[in-house]
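# This is the structure alone, sequence omitted:
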């Protein structure tokens, strides 16, 4: 295997290869841009994690210990926004940049200059977002869902900077999605039909269409916020004839597909990893593709299950309840297909497979608690409690983040040409998996007992579970530093060179293709005629 760590020999700008730092600024190479996305995502992951540590430190015991309630609310707002828009989404875009051209046999992404631009919008967007902490009046304090009128009538002055940052992230996402769609539809190797594409390519193609559909909706919501705040409109102001609940409809019409934007690429990754380590082709490839499409389609039809407590008509509540339960069907198809792939396979349990198995089991727990929340009468009890916090963290931490970590271990030998330390990978896995359950599982009980979310202080009866949860948080946070050291160690040489066929799977299984992978899969050497 040719090492692809430094494959930026001759491909940067129209003016010849750039040197040093400028190479990274002006690069149009998909691997360089993928690496930039991944490093930005990891930096934002650590920043968002530090905010979570502030939250859990304050909740370690009852009473106000470390931060003012105002600052606590700023932390909950920024933690959510940084993790969603700064960590998970750019990380998946980084993997898309690295892998999609290689998986479909393309020389690069279709629109390399736009690729560079869509990345460089992001660091400035996040600098602007995080800089609100240092502005007069402080950072936005209205939660990551920024409901009106909290964000319009009562938001601090820094809210306008927050709106501009959201716009920049949205522009970046739309450009990235256009690039993905054009690349996949126009640049596949000869003979690679759509139903021969690896599952990761399929999930990203569908994710890209979701991004193009919902990012303008978010842009509309924050633009209406901007005009309500500064230009005398009253879209969300009841005093002027507007409707604050309309904000929730617009936001969640973006917000629910957004959840699937973060999780569909994870399904693709797990569908690559499980067949490799089970040494069997993926069970039900075509049904997996249709299931992803069905999930994406249904994700637009369930948004108001976030709004059962707003007083919607009974018919509306019934519709959104049934639609929400229905979306569990294609998700269940995927879970059963992964289980059937492993059935009677020659399984080995290297680090990527461990994280993939943890994903399947723990994401399923998140799915079951989501079904509970999708039932209208029950949601009246669970809404705005820590049960909801536990649910979406099982979906997004043991779901999206675990899949990202699995993908990193799986493809890092391909990216760098070096093998990571399997021993430290396993230490990272066991610490993370135990700690993340210690962190989030007790929150189910807190929520069922009635503890509301987004509060810095709480009644004495919730003290024990909160202490356990906070201890889990500190261990989980610290174990990600092991991951950081492991990645850097691998880039610098790791445990030696990776072999030609890193995972010793049957030819073609790493791609879940009926045919062998195309030439140029992971090689940057010129083809020998």
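On my side now, so go ahead. Please read these numbers as outputs of a predicted model, since none were measured by experiment.

# those strands in this protein, which residues are they?
Here the chain has no strands by DSSP state E.

# What distance do you get for the closest residue to residue 426 other than its chain neighbours to residue 430?
Leaving aside its sequence neighbours, residue 426 sits nearest to residue 351 (Cβ to Cβ, 6 or more residues apart in numbering; 5.9 Å). C-betas here are computed from N, CA, C, even on glycine. Going from residue 351 to residue 430 by Cβ to Cβ, to the nearest Å gives 10 Å.

# thinking again about what came up before, so what's the residue count around the residue nearest to residue 426?
24 (other Cβ atoms under 10 Å).

# How about the contacts made by it?
Contacts of residue 351 were listed using Cβ atoms under 8 Å, 6 or more residues apart in numbering, and they are 406, 409, 420, 422, 425-426, 428-429.

# Try it again at 7 Å.
Neighbouring residues of residue 351 by Cβ atoms under 7 Å, 6 or more residues apart in numbering: 409, 422, 425-426, 429.

# Okay, buried residues for the longest helix anywhere in the chain please.
Longest helix of the chain, by residue count under DSSP state H: helix 244-278. Buried positions in helix 244-278, judged by neighbour count with 16 or more other Cβ atoms under 10 Å: 244, 247-278.

# Could you do stretch 171-179 as well?
Using 16+ other Cβ under 10 Å as the test for burial, stretch 171-179 gives 171-179.

# How many neighbouring residues does residue 332 have?
Per other Cβ under 10 Å, the neighbour tally for residue 332 reads 13.

# no, scratch that, I was asking about residue 206
Residue 206, neighbours per other Cβ under 10 Å, totals 23.

# which residues sit in contact with it?
So residue 206 contacts 264, 292-293, 296 (Cβ under 7 Å, 6+ apart).

# okay if I get the residues you listed as a markdown table plus distance to residue 190?
Shown next, in a markdown table, are these (distance: Cβ to Cβ, whole Å):
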| residue | distance to residue 190 |
| --- | --- |
| 264 | 27 |
| 292 | 25 |
| 293 | 25 |
| 296 | 28 |
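
# so what's residue 281 closest to, chain neighbours aside?
Spatially, and ignoring its direct neighbours in sequence, residue 281 is nearest to residue 275 (5.9 Å; Cβ to Cβ, 6+ apart).

# isn't the one you found right next to residue 338, touching?
No. Using Cβ atoms under 7 Å, residue 275 is not in contact with residue 338; the gap is 9.1 Å.

# what's the closest of the buried residues of stretch 171-179 to residue 333?
Nearest to residue 333 out of the buried residues of stretch 171-179 is residue 177 (Cβ to Cβ; 25.0 Å).

# So the closest one sits against residue 205, correct?
No. Using Cβ under 7 Å, residue 177 is not in contact with residue 205, being 9.7 Å away.

# Where does pLDDT dip in the protein?
Scanning the chain for pLDDT under 70 picks out 1-18, 504-529.

# again, only using 50
Applying pLDDT under 50 to the chain flags residues 1-14, 506-529.

# residue nearest the centroid of it?
Central residue check for the chain by Cα atoms, centre = their mean: the C-alpha nearest the mean position is that of residue 88, 3.1 Å away.

# how close does it get to residue 400?
According to Cβ to Cβ, residue 88 and residue 400 sit 5 Å apart.

# Which neighbours do these two have in common?
Counting by Cβ under 7 Å, 6+ apart, the residues touching both residue 88 and residue 400 are residue 262.

# tell me the phi and psi of the spatially closest residue to residue 466 that is not a sequence neighbour?
Spatial nearest neighbour of residue 466, chain neighbours left out: residue 59 (5.0 Å); criterion: Cβ to Cβ, 6+ apart. When read as degrees, to the nearest 10, the backbone of residue 59 gives phi -90, psi 0.

# which residues touch residue 89?
Residues in contact with residue 89 (Cβ under 7 Å, 6+ apart) are 173, 261-262.

# Distance to residue 44 added to these, as TSV?
Output for those, formatted as TSV (distance: Cβ to Cβ, whole Å):
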residue	distance to residue 44
173	14
261	16
262	14
